[in-house]
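[1] Generate a structure from the sequence data that follows.
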Amino acid sequence: MPELPDITIYIEALEARLLDQPLEKLRLASPFLLRSFDPPVRAAEGKKVVGFHRIGKRIVYAENDTNY
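    Numbering: from 1, shown residues only. Below is the predicted model:
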């Protein structure tokens, strides 16, 4: 059984919906979901999502000018 299978399923669902799509607008339902403040959340708007990966229990998205 893979470790954290729910995270893998979430990543697959996000890839199906958002991969290679521009982020038009980000809205956080809770500020506790955000682990960083620099760069600001609005800096991601308009950029294309090029990938997803996980760091532990967290899902990380890569935008068009991010190298991971």
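[2] what sits against the residue nearest the centre of the chain?
    Nearest residue to the geometric centre of the chain (Cα atoms, centre = their mean): Tyr61, 3.0 Å. Applying Cβ atoms under 8 Å, 6 or more residues apart in numbering, we find Tyr61 in contact with 14, 18, 49, 51-52. (C-beta placed from N, C-alpha, C; glycine too.)
[3] quick one: buried residues of the helix or strand containing Thr8?
    Assigned by DSSP states H and E, Thr8 falls within helix 5-18. Neighbour counts using 16 or more other Cβ atoms under 10 Å place Ile11 of helix 5-18 among the buried residues.
[4] from the chain's centre, how far out does it sit?
    Relative to its chain's centre, helix 5-18 lies at 10 Å (Cα atoms, centre = their mean, to the nearest Å).
[5] now the helix or strand that that helix is followed by and helix 5-18, what's the angle there?
    Using DSSP H and E, the helix or strand that directly follows helix 5-18 along the chain is strand 49-55. Interaxial angle, strand 49-55 versus helix 5-18 (axes from the mean of the first three to the mean of the last three Cα atoms, to 10 degrees): 170 degrees.
[6] So for the helix or strand just after strand 49-55, mean pLDDT?
    Remark: after strand 49-55, the chain's next helix or strand is strand 58-63, criterion DSSP H and E. For strand 58-63, mean pLDDT is 87.
[7] And the contacts of Tyr61, which is closest to Arg27?
    Lowest distance from Arg27 to the contacts of Tyr61 (Cβ to Cβ) belongs to Leu18, with 14.2 Å.
[8] Please name the strands paired to the lowest-mean-pLDDT helix or strand in the chain in the sheet, noting orientation.
    When the helices and strands of the chain are scored by mean pLDDT, DSSP states H and E, strand 58-63 comes last with a mean of 87. Using DSSP bridges, the strands paired with strand 58-63 are strand 49-55 (antiparallel).
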